[in-house]
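Asker: All I have is the shape, not the residue letters:
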């Protein structure tokens with residue numbers, strides 16, 4: 001599908017929308033299309049809430065955030081998010097906070113249709129005191145001569161739709177990722193619907209030639225969208241590098257509400273789609289972020305004679 005059609009079909013006002021990609025392969029273009037289509041009252045689930053979340057907040061798409069980290073990826077702060085959480089300006093943001101592994105546990109529970117997932121590392125943390133969804137259960141098992149252990153648990157999450165970015169998929173949706181991976185597979189399996197955005201759609205034979213690189217199988221995918229440079233300003237291993245200049249600039253852009261909304265008007269609403277956004281970036285920047293080859297060695301999967 002096109003990005004426009006995929007977002008129109010699978011993202012609706014009031015939905016819980018998961019956008020996953022851990023530093024690498026962030027589904028920025030999908031977030032921009034959600035902004036273009038004016039979605040409202042979304043709950044956004046993202047382990048590392050960063051620039052794309054800041055932009056969706058500034059565009060008034062989001063009323064609740066579920067996350068384990070907020071920040072501008074080691075390059076600064078998120079102005080819109082901080083204004084909403086710290087001062088309720090221009091309106092408050094409901095924020096449900098977990099640790100990284102707490103979020104992983106929620107995805108695992110959702111993917112496996114479990115009622116909860118145990119997380120031992122909350123012992124000694126103050127997170128349970130600010131998040132009532134983090135609860136305790138008593139283990140049904142105990143070592144001989146010992147009392148049963150009490151463990152913290154987190155609830156499953158079942159997004160209405162999960163959107164991820166990846167390097168490639170075939171036309172059926174078998175999706176391949178290499179380099180830094182996060183919880184994309186778990187987030188997809190936890191969701192009711194899934195949209196996979198890729199740098200390129202490739203022939204079935206290419207995917208079949210390297211099956212172990214397939215992170216998400218076709219039967220879990222509802223839509224495949226071809227969108228080159230769709231993760232910018234993050235990076236896509238083997239396609240383009242991280243745009244560190246953009247990350248450094250974002251703190252100043254988002255610190256000023258008027259400047260932030262001007263950026264959204266120019267770069268998102270001022271472009272019809274991500275193709276126009278990429279053209280607007282310019283050839284010089286794309287050339288600077290281009291990457292050279294670092295090919296992996298071929299492997300022999302073997303076959304019957």
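Answerer: All right, it came through fine. Note that the structure is predicted; figures quoted are calculated from it, not measured. Residues are numbered from 1 along each chain as shown.
Asker: tell me the mean pLDDT for the helix or strand hosting residue 279?
Answerer: Assigned by DSSP states H and E, residue 279 belongs to helix 274-281. Averaged over helix 274-281, pLDDT sits at 98.
Asker: list the helices and strands that helix packs on?
Answerer: Judged by 3 or more CB pairs under 8 Å, 6 or more residues apart in numbering; DSSP states H and E, helix 274-281 is in contact with helix 28-36. C-beta here means a position set from N, CA and C on the backbone, and glycine is covered the same way.
Asker: Where do the helices of the stretch 101-250 of the chain begin and end?
Answerer: 127-130, 184-190, 204-209, 244-255 (DSSP state H, counting those that start in this stretch).
Asker: a markdown table please, covering the ones you listed and showing mean pLDDT.
Answerer: Output for these, formatted as a markdown table (pLDDT from 0 to 100):
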| stretch | mean pLDDT |
| --- | --- |
| helix 127-130 | 95 |
| helix 184-190 | 98 |
| helix 204-209 | 96 |
| helix 244-255 | 96 |
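Asker: Mean neighbour count, the ones you listed: which tops it?
Answerer: Ranked by mean neighbour count, the helices of the stretch 101-250 of the chain are led by helix 184-190 with a mean of 24 (mean count of other CB atoms under 10 Å).
Asker: Residues touching that one, excluding its own?
Answerer: 18, 20-21, 25, 45, 104, 106-112, 156-159, 162, 164, 166, 177, 194, 196, 215-216, 220-221 (CB atoms under 8 Å, 6 or more residues apart in numbering).
Asker: and it, how far out from the chain's middle?
Answerer: 11 Å (CA atoms, centre = their mean, to the nearest Å).
Asker: try stretch 65-84
Answerer: How far stretch 65-84 lies from its chain's middle: 14 Å, per CA atoms, centre = their mean.
Asker: same thing with stretch 30-40?
Answerer: 15 Å.
Asker: and the residue of the chain most remote from its centre, backbone torsions?
Answerer: Most distant residue from the mean C-alpha position of the chain: residue 145, 45.3 Å away (CA atoms, centre = their mean). The phi/psi pair for residue 145 (degrees, to the nearest 10) reads phi 80, psi 0.
Asker: Can you report how many residues neighbour residue 68?
Answerer: 19 (other CB atoms under 10 Å).
Asker: give the contact list for it.
Answerer: Going by CB under 8 Å, 6+ apart, residue 68 touches 47, 48, 97, 98, 99, 100, 102, 103.
Asker: In strands, which of these fall?
Answerer: Of the contacts of residue 68, the ones assigned to strands by DSSP state E are 48, 97.
Asker: I'd like to know which of the contacts of residue 68 is nearest to residue 151.
Answerer: residue 102 (12.6 Å; CB to CB).
Asker: residues in contact with the closest one?
Answerer: Residues near residue 102 by CB under 8 Å, 6+ apart: 68, 119, 122, 127, 134, 154.
Asker: ok so, going back, among the helices of the stretch 101-250 of the chain, which comes closest to residue 293?
Answerer: Here helix 204-209 is closest among the helices of the stretch 101-250 of the chain (CB to CB), at 16.8 Å.
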